[in-house]
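Visitor: structure for the following, please:
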Amino acid sequence: MSLIPVLMFAIAVSFDGFGVGFAYGLRRLHIPPASLLIICVSSAFSVFISMLVGSTAVQLFSPLVGSVIGSVLLIGVGLFLVWQSLRKVDILSLPDSREEQITKKGLSYFSGMLREPHRADFDKSGVITGREAIVLGIALAMDAFAAGFGAAMLGFAPLTTAIGVGVIKMILITAGFQLGKRYARDISGERAAVFAGLALVFLGVVHLFI
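Guide: Just a heads-up that it's a prediction; the model follows:
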C-alpha cells in the first residue's frame, strides 16, 4: 500500500494531539520529553493492537466484505470526530464551576479529559508527569483504537501505521503546544480538527468505491 494513505490516516487519528498541545500551550502547562514519549507510545500501541485484532477479524470475511466493513468504520469514526469538533465549546473561557458541569453532563472520564486537557494535570503542578501522561495517552488512544481496527481491514500494515501514528502525534502535540503559547485565544486549532475527521471519511469513501 502507498505511504500516502498511511500518512493521511496517521495525521487524521493524531490530530486530537494538536488540540491537546494547543490547550496546554494556552495554559502554559509543561510536557517533559519523557511524558510526551509516553503519550505517543500509548497511542501507537493502541493502534497496533487494534490493527492486529482487525487483521485477524478480516480473515473471517471475504475481501469485499472486509473492505466494506473497514470503510464504514473509518467513515463512522470520521463523522464522529467532525460532530465532536463542531459541538465543542470554548472551555477555556468558562469559569471552573461551569467546566465541571459540562464535564459531568454525559461525558466519560477520558472523553471529558480530551475536552478539557488541563484536567490531566492532577496535582496542579503545571507539569504533566509520567502517571498523568499515561492517563492522557489512553484518552488520546480511544478514537485511534476504533480507526485502527477499520484500517487493518482495509489492508493497512499494522507496524508501519502504528509507528506513523506515534511520530505524527509527537509532531502535532509539539506544534500545537508552540502555537498555543504564541497565539493565546486563537481557536483555529479547535476547528481544524474537523478536517481530521473529514480525512478519515475521505479515506473510507475512497476504499469503499475503489
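
Visitor: now residue 158, nearest residue through space, not along the chain?
Guide: Counting by CB to CB, 6 or more residues apart in numbering, residue 158 lies nearest to residue 51, which is 3.8 Å off, once chain neighbours are set aside. The way it works is simple: take the backbone N, C-alpha and C, and place the C-beta from them, glycine included.

Visitor: residue contacts, that neighbour?
Guide: 148, 149, 151, 152, 156, 158, 161, 162 (CB atoms under 8 Å, 6 or more residues apart in numbering).

Visitor: who wins for most neighbours among these?
Guide: residue 151 (35 neighbours; other CB atoms under 10 Å).

Visitor: quick one: residues contacting that residue.
Guide: Contacts of residue 151 by CB under 8 Å, 6+ apart are 9, 51, 54, 70, 74, 161.

Visitor: in terms of helices and strands, where is it?
Guide: Element membership for residue 151 (DSSP states H and E) is helix 130-153.

Visitor: which positions within that helix qualify as buried?
Guide: 132-153 (16 or more other CB atoms under 10 Å).

Visitor: got the CA positions of it in PDB?
Guide: C-alpha atoms of helix 130-153 as PDB (Å, rounded to 0.1, in the frame of the first residue of the first chain):
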ATOM      1  CA  GLY A 130       4.500  10.000  33.900                       C
ATOM      2  CA  ARG A 131       1.300   8.800  35.500                       C
ATOM      3  CA  GLU A 132      -0.600  11.800  34.100                       C
ATOM      4  CA  ALA A 133       0.900  11.100  30.700                       C
ATOM      5  CA  ILE A 134      -0.300   7.500  30.700                       C
ATOM      6  CA  VAL A 135      -3.900   8.600  31.500                       C
ATOM      7  CA  LEU A 136      -3.800  11.200  28.800                       C
ATOM      8  CA  GLY A 137      -2.300   8.700  26.400                       C
ATOM      9  CA  ILE A 138      -5.200   6.400  27.000                       C
ATOM     10  CA  ALA A 139      -7.700   9.200  26.400                       C
ATOM     11  CA  LEU A 140      -6.000  10.100  23.100                       C
ATOM     12  CA  ALA A 141      -5.900   6.500  22.000                       C
ATOM     13  CA  MET A 142      -9.700   5.900  22.200                       C
ATOM     14  CA  ASP A 143     -10.600   7.100  18.700                       C
ATOM     15  CA  ALA A 144      -7.400   5.700  17.300                       C
ATOM     16  CA  PHE A 145      -8.300   2.200  18.500                       C
ATOM     17  CA  ALA A 146     -11.600   2.100  16.500                       C
ATOM     18  CA  ALA A 147     -10.000   3.700  13.500                       C
ATOM     19  CA  GLY A 148      -7.100   1.300  13.600                       C
ATOM     20  CA  PHE A 149      -9.400  -1.700  13.500                       C
ATOM     21  CA  GLY A 150     -11.000  -0.400  10.400                       C
ATOM     22  CA  ALA A 151      -7.700   0.500   8.700                       C
ATOM     23  CA  ALA A 152      -6.400  -3.100   9.300                       C
ATOM     24  CA  MET A 153      -9.500  -4.400   7.400                       C
END
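
Visitor: for the record, mean pLDDT for it?
Guide: Average pLDDT, helix 130-153: 78.

Visitor: next SSE after that helix?
Guide: helix 158-182.

Visitor: ok so, going back, turn the contacts of residue 151 into CSV, columns for pLDDT and secondary structure.
Guide: Formatted as CSV, the contacts of residue 151 follow (pLDDT from 0 to 100; DSSP: H, G, I helix; E, B strand; the rest coil):
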residue, pLDDT, secondary structure
9, 88, helix
51, 92, helix
54, 88, helix
70, 75, helix
74, 77, helix
161, 93, helix
